[in-house]
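A.B. asks: fold the following and give me the result.
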Amino acid sequence: MSIKWEATAVALASTAVFVNLASRSVSGGDSGELLAACREFGVAHPPGYPLWISACWALDRFDFSWLLSPLCGGGTCAALYAATKTITHSQAAGLATVASLMCSQAFILYSCTAEVFSLNNFLCAMLLFLAAHYFGITDPPPTTEGKKSEKKDSTTVQLSAKDKLILWCAVFSALALGNQQTSVLFIVPAALVIIPHYLYTGLNGMATLVMSGTVFMVLFCGLYLLLMVSSHFVKTPNSWGSTFDMQGLLVHVLRSEYGTFSLANSKATYAKADALQSLNSWAYFCMYQQGSIFCVLSAIACVRLLFSGRSKALLLMCYLLVFYVGFFAYFGNLPLDTDLFQSVQERFWLQPMLILAVLSGYGFSTITPSIFRGLPGATVVVAYVSRIYVNNWTLMDQSRNVLVEQFATEMLRPLKQNSILLTKGDVLTNSLRYVQVVKKVRTDVVAIDLELLRSAWYVPRLKAHYGDKVTFPGRSYNPGKNGFSAKSFIDSNIKDNKRGLYIAYDFAAGDKKWREHYQLMATGIADQIVPIKANLSHLLKNEKWEGAAPIEATISNITRFEPWDEVVINDYWASLYRRSSHLFEFKKDSVQAAEILEHILSSGSATAKPLIQVVSSRLLVTCFATIITDIQAKGGKSNVGLATRTVGAMNVFLAVAKEYFPDRYEQDIIAMESQRNIMLKEMKLDKESQTEATP
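C.D. replies: From the prediction side, this is the model:
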């Protein structure tokens, strides 16, 4: 069987797996923004990802936008299988390469969720295959007859196999750069090796290079000009940047607002990780994602290359690996001390992992006897991967994960009609954009991104779309820097109580003057901004906790939490806690407050034990003390259900606090244990009095 048909079989099998695992909804990170942009054919955040948006937009016409990542995941497996088979001439080695990818949680995750990384993996894998194929073929030398015929018809250019490969390299390089710009860390160093080699050996060197360069520029420029077309013809408040003209387009494509070589905004105040920390992060990522077996195989391949060095394709790949990891470790500007930032950076380690997968396949062919390089070895590899998937299918399955979508829906649910909602951060903003644009949920709410509000192009776009619905007292939100402040914005938009003004997060760190005139009222995931003179007791008089929201059923069914899932879950529990504290403090409703606190503790401990950090132990102690006083005052008429739930909440708090934070909550643990003993005593006395009263 030829490589073409074998790769096709690999693509179909791996795509079938990813399709069954793939999420049909929105996930964390940039997924919500990207899906909204593909629905509207808008402009995504820098550099715009025009190829991904265009491909996803085409699939979205048939409601199959979720299918792009699984298709690209299957294509990546096929391309790397073909690359490894070309180098090693071994089916088993090619399948070992695929197995290395299929056993990586990160590769599976991004092949099952709507993100740009799966398409980037496919395009970079195709470039690796083309490089392997380029060094694996030998063109015949030109003959005398060929030279004579060339003189007779000088207008005809006969393209050799290598000429065609150079053209295909130009095509896939342009497509890769039209999707994600980290591919340049493969394209540039590879070009510096392949082009001189090609000029030395090629039959039509310069002519083919000129043709390839023209194809590259047409495709590359054409893709990014789509951003300008979108800005002129698609009127949406959700598009990024001012790409109406060439200057704005260059700013967007070069990621000038972030910093061209930065993952996050270069103006961020947190301390970035140094190169050594990034390298340690990459090494840990490789060990954790690919496992010790495939890492050992990759090391064996490197040792073999060190002593033989016969495979030019693999030597090129090792060069690309070192260049990418070194460059990224030096220029990466994210702190790596939190799981969330770690996961953000790990997405960019997927690209060099493609090379490690090929090396592991080469290492497998090095240590296995020739008999195992065919069907027997392939059978062993397939059986190994199948066993992993059978045992871990539920852990990898994203097909029923609607957590982020439910989170955004719950954020919008309690808001007043035609209200204004200020958001900040990827999870809050992007999930909200998805449910409003794609699912058409609460489109009456005006959602404003506080981070984009600092940009000069954002306010004019919002004004053009929303008109009089929102009043902007300046050109951008930049307090103290010729921009409006939070207070001036609130003053301009908090006109009456019929139309609420809400915020999910906070304004800029140094912009605190608004708190002298306004306060927050906990109403859900987003808090309502009300005047500081407002009587919260009166505003909360009709407030009632409705019980567990639909999102909680999803939380309880998730078997493995990704970092973005943990952000969503903790934000949800934190919103419930704020609500309970307001009910207790302003409405003086200890019953509802205790019910919510008990619910947070019992539900939270089952899903994320360290969630106790969200809850203020001081509030718990005070709240429970009030409940105990009420029960003691009522004597035999005490609420047995409330008392039972309160003791349950106390037990959960004590168990989690003792296990995770014994020093931090030492005094509160002592106070809580004393309260629990009093409560148990009251419940016992109450039970005895009821028994005596029974005839």
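A.B. asks: quick one: residue 78 from residue 171, how far?
C.D. replies: Distance, residue 78 to residue 171, by Cβ to Cβ, to the nearest Å: 17 Å. Where you see a C-beta, it was placed from the backbone N, CA and C, and this is true even at glycine.
A.B. asks: so those two - more neighbours on which side?
C.D. replies: Neighbours were counted for residue 78 and for residue 171 using other Cβ atoms under 10 Å; residue 78 has more, 28 against 15.
A.B. asks: need the contact list for the more buried one.
C.D. replies: 7, 8, 10, 11, 14 (Cβ atoms under 8 Å, 6 or more residues apart in numbering).
A.B. asks: closest one to residue 381 out of these, please.
C.D. replies: Distance to residue 381, by Cβ to Cβ, is smallest for residue 10 among the contacts of residue 78, at 11.4 Å.
A.B. asks: checking that closest one next. Helix, strand or coil?
C.D. replies: helix (DSSP: H, G, I helix; E, B strand; the rest coil).
A.B. asks: mind checking pLDDT for it?
C.D. replies: pLDDT for residue 10: 93.
A.B. asks: likewise residue 601?
C.D. replies: As predicted, residue 601 sits at a pLDDT of 66.
A.B. asks: ditto for the one 5 residues further on
C.D. replies: Model confidence at residue 606, given as pLDDT, is 43.
A.B. asks: thinking again about what came up before, which of the contacts of residue 78 sits closest to residue 50?
C.D. replies: residue 11 (24.7 Å).
A.B. asks: what sits closest to that closest one if chain neighbours are left out?
C.D. replies: Take residue 11 and drop its neighbours on the chain: the residue closest to it by Cβ to Cβ, 6 or more residues apart in numbering is residue 78, 3.6 Å away.
A.B. asks: where does the chain have its least confident helix or strand?
C.D. replies: The helix or strand of the chain with the poorest confidence is helix 144-152; it has a mean of 46 (mean pLDDT, DSSP states H and E).
A.B. asks: what are the buried residues along whichever helix or strand comes after that helix?
C.D. replies: Counting by DSSP states H and E, the next helix or strand C-terminal to helix 144-152 is helix 161-177. By 16 or more other Cβ atoms under 10 Å, the buried positions in helix 161-177 come out as 162-163, 165-170, 172-177.
A.B. asks: and what of stretch 213-220?
C.D. replies: Those would be 215, 216, 219, 220, for stretch 213-220 by 16+ other Cβ under 10 Å.
A.B. asks: just say helix, strand or coil for residue 401.
C.D. replies: coil.
A.B. asks: and the helices in the stretch 351-500 of the chain?
C.D. replies: 375-396, 403-412, 426-437, 458-466, 486-493 (DSSP state H, counting those that start in this stretch).
A.B. asks: now those helices as JSON lines including mean pLDDT?
C.D. replies: Formatted as JSON lines, the helices of the stretch 351-500 of the chain follow (pLDDT from 0 to 100):
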{"stretch": "helix 375-396", "mean pLDDT": "75"}
{"stretch": "helix 403-412", "mean pLDDT": "93"}
{"stretch": "helix 426-437", "mean pLDDT": "94"}
{"stretch": "helix 458-466", "mean pLDDT": "92"}
{"stretch": "helix 486-493", "mean pLDDT": "92"}
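A.B. asks: can you redo the ones you listed as a markdown table with mean neighbour count and distance to residue 567?
C.D. replies: Formatted as a markdown table, the helices of the stretch 351-500 of the chain follow (neighbours: other Cβ atoms under 10 Å; distance: least, Cβ to Cβ, whole Å):
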| stretch | mean neighbour count | distance to residue 567 |
| --- | --- | --- |
| helix 375-396 | 14 | 19 |
| helix 403-412 | 24 | 9 |
| helix 426-437 | 25 | 5 |
| helix 458-466 | 17 | 24 |
| helix 486-493 | 20 | 24 |
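A.B. asks: could you dump these to a markdown table with distance to residue 502?
C.D. replies: Converted to a markdown table, those look like this (distance: least, Cβ to Cβ, whole Å):
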| stretch | distance to residue 502 |
| --- | --- |
| helix 375-396 | 36 |
| helix 403-412 | 9 |
| helix 426-437 | 11 |
| helix 458-466 | 16 |
| helix 486-493 | 11 |
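A.B. asks: out of those helices, nearest to residue 546?
C.D. replies: For these, the distance to residue 546 is smallest for helix 403-412, at 10.8 Å, taking Cβ to Cβ.
A.B. asks: tilt between the closest one and helix 426-437?
C.D. replies: Angle, helix 403-412 to helix 426-437, by axes from the mean of the first three to the mean of the last three Cα atoms, to 10 degrees: 80 degrees.
A.B. asks: give me the residues contacting helix 403-412.
C.D. replies: So helix 403-412 is contacted by 25-28, 31-32, 421, 427-428, 431-432, 434-436, 439, 441-442, 445, 504, 524-526, 549-551, 554-555, 558, 564-565, 568-569, 571-572 (Cβ under 8 Å, 6+ apart).
A.B. asks: and the residues you listed, which are buried?
C.D. replies: 25-28, 31-32, 421, 427-428, 431-432, 434-436, 441-442, 445, 504, 524-526, 549, 551, 554-555, 558, 564-565, 568-569, 571-572.
A.B. asks: so which of those residues are in strands?
C.D. replies: Among the buried ones among the contacts of helix 403-412, the members found in strands (DSSP state E) are 421, 504.
A.B. asks: can you map out the helices along the stretch 501-650 of the chain?
C.D. replies: Residue ranges of the helices in the stretch 501-650 of the chain, as given by DSSP H, counting those that start in this stretch, are 536-539, 550-557, 563-585, 590-607, 617-634, 640-660.
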